[in-house]
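Predicted coordinates and the sequence they were generated for:
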Amino acid sequence: MKRIGICSDHTGVAYKSRLIGYLLDKGYEVVNFGADSTESCDYPDYAHPLAAAVESGEVDAGIALCGTGNGMALTLNHHRGIRAGLAWNTTVARLVREHNNANVLVIPARFVSYRMAVMMVRAWLTAEFAGGRHLRRLDKILLP
């Protein structure tokens, strides 16, 4: 995974800007899907383009931030090719990749420190999908 898409609403924009720098320093290519202002905005306007980019392969995976993370996760998971996992600590971030093969990490910017956000991103990016029984479960998520 080398090309990461990232988006936020106004609540997550400060963390998003800093995470872009962190990812670039680690050698990732980053595509910013907005928002780029703290002026109130609607998270679906940014979640849908990120989801489309992940689904099409324009980016390998994504990171999304909003206040609780729920708005982003709900919107992203409406896309058939998306498995967005909401995390609030490093263990959950690692497990959404290992058990759920999450291709988008969702961060609740109001409820975690920036330091924790970075640690979650690191845990998620370095984890690998475990497969096995978890693959069977993933196969049962999508309706025919």
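Nice, thanks for sending it over. Numbering: from 1, shown residues only.

Not counting its neighbours along the chain, what's nearest Leu76?
What sits nearest to Leu76 in space, not counting adjacent residues and going by Cβ to Cβ, 6 or more residues apart in numbering, is Ala84, at 3.7 Å. Quick note: C-beta positions are derived from backbone N, CA and C, even for glycine.

so where's the chain uncertain?
Low-confidence segments of the chain (pLDDT under 70): 143-144.

what are the ranges of the strands in it?
All strands of the chain, identified by DSSP state E, fall at 3-8, 29-32, 61-66, 84-86, 104-108.

and Ala117, how many neighbours does it have?
By other Cβ atoms under 10 Å, the residues close to Ala117 number 25.

Next up, the contacts around it.
Tyr15, Leu19, Leu65, Ile107, Ala109 (Cβ atoms under 8 Å, 6 or more residues apart in numbering).

Just the helices from this structure, written as ranges.
Here the chain has its helices, by DSSP state H, at 13-25, 44-56, 70-76, 90-98, 114-126, 133-139.

what's the closest of those helices to Ile4?
helix 13-25 (5.7 Å; Cβ to Cβ).

Show me how far the closest one is from its chain's centre.
When distances are taken as Cα atoms, centre = their mean, to the nearest Å, helix 13-25 is centred 13 Å away from the chain's centroid.

cool, stretch 59-70 as well?
On Cα atoms, centre = their mean, the centre of stretch 59-70 falls 3 Å from that of its chain.

Show the end-to-end separation of it, please.
In terms of Cα to Cα, to the nearest Å, the two terminal residues of stretch 59-70 are separated by 22 Å.

What residues sit buried inside that stretch?
Val59, Ala61, Gly62, Ile63, Ala64, Leu65, Cys66, Gly67, Gly69 (16 or more other Cβ atoms under 10 Å).

Count the neighbours of His134 for me.
His134 has 15 neighbours, counted by other Cβ under 10 Å.

rewinding a little: go ahead and confirm the residue nearest to Leu76 touches Ile107.
No - here Ala84 lies out of contact with Ile107, judged by Cβ atoms under 8 Å, at a distance of 10.8 Å.

Can you give me the neighbour number for Asp42?
When neighbours are counted by other Cβ under 10 Å, Asp42 registers 12.
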